[in-house]
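Novice: Okay, here's the prediction I keep looking at, along with the sequence it came from:
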Amino acid sequence: MDSPLHQQRQSLRQHMRRLRRSLSESQQFQASQQLAEHAILYSAIEQSQRIALFLSMDGEINTRPLIARLWHLGKSVYLPRIDPLQPTSLLFQRFTPQTSLVKHRSGMLEPEENTDECCPFTELDVIIVPLVAFDSAGQRLGMGGGFYDRLLADWQKTSVFPIGIAHNCQHQEALPIEPWDIPLPAVITPNKLWQWSSKEA
Ligand SMILES: Nc1nc2c(c(=O)[nH]1)N(C=O)[C@@H](CNc1ccc(C(=O)N[C@@H](CCC(=O)O)C(=O)O)cc1)CN2
Ligand SMILES: Nc1ncnc2c1ncn2[C@@H]1O[C@H](COP(=O)(O)OP(=O)(O)OP(=O)(O)O)[C@@H](O)[C@H]1O
């Protein structure tokens, strides 16, 4: 647990979380609008119907403008809920303007439990993934829960396409990686669409 690599990843997480929290409200606003405009034009999103997203916290790029555009386009949006029966896993539940949100003890807002509205992972078309940092090879560092690494371990065997979203400042040339880290095939930032072929990624 306290290996030098673990410590290096922890301090990088702290640094990058501070960096994204230090963006001003107007920078955050502009970034989230730009991101939403680019994201809806990206073919993988344009062609998909069921899209998992997340509700931003801790300086993460604000996903609300993107969610509003996806709703407007008639797409179905899903949000993660920590599975109460298996708290290392995420469930994905439909999110509409009518959905009530409740606070999980981790501080995260989640849709109020409604198992009828859950979508199995493999039936999603696109999963938009939060991240703390990403690098030039598509590797990502998350909040440290391992939720998305576990979820995406076999994504290439499914028809689900994962896409990271982040502020420009969350890019690092090369991240210290662990064997279980799952690289992303695409990351969208306000300024750039990063893409890696699955071979290189
Ligand atoms: N907006 C958003 N939603 C998300 C994630 C995310 O990264 N961002 N997740 C991505 O996996 C999952 C939840 N993962 C989480 C991981 C850590 C903490 C958290 O608050 N950690 C505290 C420490 C808690 C502790 O030590 O007990 C912290 O970092 O301060 C919350 C959610 C699903 N939903
Ligand atoms: N495929 C997996 N199977 C089992 N455990 C895993 C898997 N992937 C990650 N983990 C565990 O999750 C823990 C956290 O992993 P890591 O530090 O890479 O999280 P992260 O990428 O920051 O988080 P997240 O993926 O939720 O954004 C690690 O201790 C690791 O052992």
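Specialist: Now that the structure is in, tell me what you want to look at. Numbering: from 1, shown residues only. Ligands and ions are numbered 1, 2, ... in the order given.
Novice: did I read that right, T122 in a helix?
Specialist: Yes: applying DSSP: H, G, I helix; E, B strand; the rest coil, one finds T122 inside a helix.
Novice: Give me the distance between it and N114.
Specialist: To N114, T122 is 20 Å away according to C-beta to C-beta, to the nearest Å. Just so you know, the C-beta spots here come from the backbone N, C-alpha and C atoms, and that holds for glycine as well.
Novice: just for this protein, where's the confidence low?
Specialist: 1, 198-201 (pLDDT under 70).
Novice: what's the span of stretch 59-70, first residue to last?
Specialist: Start-to-end span of stretch 59-70 (C-alpha to C-alpha, to the nearest Å) is 22 Å.
Novice: How about it and ligand 2, any contact?
Specialist: No: Stretch 59-70 stays clear of ligand 2 (C-beta under 6 Å from any ligand atom), getting no nearer than 11.3 Å.
Novice: Q14 is in contact with M143, correct?
Specialist: No: contact criterion C-beta atoms under 8 Å: M143 and Q14 do not qualify, at 11.2 Å.
Novice: who touches the spatially most central residue of the chain in this structure?
Specialist: In the chain, the centroid-proximal residue (C-alpha atoms, centre = their mean) is V129; its distance is 1.8 Å. When contacts are counted by C-beta atoms under 8 Å, 6 or more residues apart in numbering, V129 touches R140, Y148, L152, P162, I163, G164, I165, L184.
Novice: filter these by proximity to ligand 1?
Specialist: When contact is defined as C-beta under 6 Å from any ligand atom, the contacts of V129 meet ligand 1 at Y148.
Novice: out of the contacts of V129, what pair is the most spread apart?
Specialist: Spanning the widest gap among those are L152 and I165, at 14.6 Å by C-beta to C-beta.
Novice: Quick check on these two: which one has the bigger neighbour count.
Specialist: Remark: of L152 and I165, I165 carries more neighbours, 27 against 20, as counted by other C-beta atoms under 10 Å.
Novice: Tell me how far stretch 121-134 lies from the chain's centre.
Specialist: Distance, stretch centre to chain centre, for stretch 121-134: 5 Å (C-alpha atoms, centre = their mean, to the nearest Å).
Novice: Likewise for stretch 5-23?
Specialist: Using C-alpha atoms, centre = their mean, the offset of stretch 5-23 from its chain centre is 17 Å.
Novice: returning to what we had before: mind listing which of the contacts of V129 are in helices?
Specialist: Y148, L152 (DSSP state H).
Novice: so which of the contacts of V129 comes closest to ligand 1?
Specialist: Y148 (5.3 Å; C-beta to the nearest ligand atom).
Novice: For ligand 1, see how far away L12 is.
Specialist: 14 Å (C-beta to the nearest ligand atom, to the nearest Å).
Novice: do E110 as well
Specialist: For E110 relative to ligand 1 (C-beta to the nearest ligand atom), the value is 8 Å.
Novice: returning to that earlier point: neighbour count: M143 and Q14, which is higher?
Specialist: Taking neighbours as other C-beta under 10 Å, M143 and Q14 compare with M143 leading, 17 against 11.
Novice: that's a helix at that one, yeah?
Specialist: No: applying three-state DSSP, one finds M143 to be coil, outside a helix.
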